[in-house]
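[1] Give me the fold of what follows.
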Amino acid sequence: MPENASSSMPTEAGFRSMRSQLAGSTFGQRREDIFRRLQESAHKISQKFSGKELATERDESVQELCESLEELMSYGLRQSAGTSSFSAASFIQNMQEMVSGNAGGGSNNNDATFWEFCQTHLTPHERQRYMDLKQIWTNVGRGRAFIRATLNEKRLHSHVLTWLSDEEQLHRFYTPWSLLLNDEAAKKLPEIVDSLSDVLFALNVDTTELNAPRRSTPSVAVKEEPIIFTTSPVPVVGRQKRPGIAVERPIECVSSTEDLLGALKPIESVEVQQILSKESIEQELAQPQEEVNLGPFDPIEPELEFLKTPLPDIGAHVGESELYEDRSDTSSQWSKSSSSANCLANSQQQAALEEHVNQLNERCALLETRVAELSLQNRLLIRRLTKQFEETGIDPSSSLCSNFLITIPHVKLAKTQRSGSHYTYEVHITMRQRLEHWTFFRRYSEFYKLHKSLLKTHPVVSAVEFPPKKHFGNMNLVFVEERRQQLQIYLLNLVETLPQVEACKSKAELQKVFPFFRDR
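    Here you go, the predicted structure:
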């Protein structure tokens, strides 16, 4: 079992911390139950199926995982555009949802579904893949099919990172009390999904069962008997009874044989000896028989002439037939062996193609995961730079008009035998269009020489403030940090002052116009 699975294992201390983070509103208990259900089902599946066997929908824990994922993704979805977002009806429905435990499972067609949110992050080709499913025709079914397909392809983790990095879309589709907008849940959710990376899922994606509005087990409905409408009853008129007349009839029984004997016709009384007498037989034989015209007979002597011809020598024919049979046997064996070899080659080629496709799918999944991680790191870096600009007092919008951004993020202490110890300032330049970036180190004395040379060639640089020299206390850390900020502001203002430098669009052009920015 991977380390992520152990880190996301539900413990009592973890539940208490999650309870404190998820609570605090009317829907706190409901959110806690949904998240705890997902944690328990993911932990159970990672222990049961990790590297052991295929996880299919026949197992109840796999069904519970799919339902808990759907419930978490669907909880807190905003109403669609056709309905009011904060009407009294929606509030009552949310309260009923919280009590009954059917979040995201309503059958109202106007309600927003998880598919409407997740399809915004799919490519047109991926979106069309789910729209072309033959057995799925509802948005609820497409959302469930998406969850099962991403579990099969191990791509759910990358999608979760992409969703969490796009706060604008989250606020557009989800209410503030949803789990995806909760800080603690958003932090734990990628770890829970990543704990399932060693589980090999084989879930059915295209089935009509996914279209059902609710995934809960349906209760046994009471069968209503059909109501048959008939005309009003007509009163029956009583009949007058007439006195019956008794008729005498003979009693018939099954064993009576009188009727059978009476049906037989009597024949002439002839003795048996008379019927089988010798004279009667001779008289019968003496009667002339009718001649049957059979026509002329065909002679059979010509047909028997072939018997007089000698039998041919069949030894040579036997040898040829045996040789032909041997050849036919070898040819049939060769055809069978060749067909089996072709089948084996085709199966090996198909297995190689399937393995290649699986490798490509894994690479695509890793690439998507990496892209999602980089986008998340990019957002964190932008926040850090914004915070740094606010702390240092630099206005980043002043340098947005240029084609590159210059920063001095760090200061490094260098020691040499000739000049002793001194500080070097790390200058980082990023080109906006081609995303080229490089870093180099410069001492304060080099900045000072640059400023003096620019004053001679470009007098307009005198309007740019340059940090002055300091002979004593220049190794103090507080002073070095202040000088770093001043040098960074100096470079930004210097670029805006020199139009030929600001117009550079590539690294080569910038280093050619301004040699101070070259790597050494």
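
[2] From now on I want contacts and neighbour counts done on CA atoms only, so please keep to that.
    OK.

[3] out of everything not next to it in sequence, what's closest to L179?
    A185 (6.1 Å; C-alpha to C-alpha, 6 or more residues apart in numbering).

[4] Return the distance of that neighbour relative to E126.
    In this view, A185 and E126 are 27 Å apart by C-alpha to C-alpha, to the nearest Å.

[5] Those two: who's more crowded?
    Per other C-alpha atoms under 10 Å, whichever of A185 and E126 has more neighbours is A185, with 18 against 11.

[6] Was I right to think that one contacts W177?
    No. In this structure A185 lies outside contact range of W177 using C-alpha atoms under 8 Å: 11.4 Å.

[7] sec struct for the residue nearest to L179, please.
    helix (DSSP: H, G, I helix; E, B strand; the rest coil).

[8] swap in T424?
    T424 ends up strand, using three-state DSSP.

[9] ok but R418 is inside a helix, no?
    No. The assignment for R418 (three-state DSSP) gives coil, which keeps it out of a helix.

[10] Quick one: residues contacting it.
    By C-alpha atoms under 8 Å, 6 or more residues apart in numbering, R418 lies in contact with nothing.

[11] what's it sitting at in phi/psi?
    phi -80, psi -50 (degrees, to the nearest 10).

[12] Low-confidence regions, the stretch 51-200 of the chain specifically.
    Residues of the stretch 51-200 of the chain meeting the criterion pLDDT under 70: 80-111.

[13] which of the residues in stretch 132-149 are buried?
    Using 16 or more other C-alpha atoms under 10 Å as the test for burial, stretch 132-149 gives 136, 138-149.

[14] Please convert those to CSV, extending it with distance to P213.
    Shown next, in CSV, are the buried residues of stretch 132-149 (distance: C-alpha to C-alpha, whole Å):
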residue, distance to P213
I136, 12
T138, 9
N139, 10
V140, 7
G141, 8
R142, 12
G143, 12
R144, 11
A145, 14
F146, 16
I147, 16
R148, 17
A149, 19
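
[15] Once you drop chain neighbours, what's closest to R127?
    Q119 (6.3 Å).

[16] The one you found - that's part of a helix, no?
    Yes. According to three-state DSSP, Q119 belongs to a helix.

[17] show me where the stretch 301-450 of the chain has helices.
    315-392, 444-457 (DSSP state H, counting those that start in this stretch).

[18] Which residue is the nearest non-sequential neighbour of K505?
    In space, K505 is closest to N403, 5.8 Å off (C-alpha to C-alpha, 6+ apart).

[19] Which pLDDT does the model give the one you found?
    N403 carries a pLDDT value of 75.

[20] how about the helix or strand containing Q29: buried residues?
    Using DSSP states H and E, Q29 sits within helix 28-49. By 16+ other C-alpha under 10 Å, the buried positions in helix 28-49 come out as 28, 30-32, 34-47, 49.

[21] shouldn't S61 be in contact with I45?
    Yes. Between S61 and I45 a contact is recorded at 6.7 Å, counting by C-alpha under 8 Å.

[22] the inter-axis angle of the host helix or strand of L69 versus helix 28-49?
    Using DSSP H and E, L69 falls within helix 60-74. With axes from the mean of the first three to the mean of the last three C-alpha atoms, to 10 degrees defining the directions, helix 60-74 sits at 140 degrees from helix 28-49.
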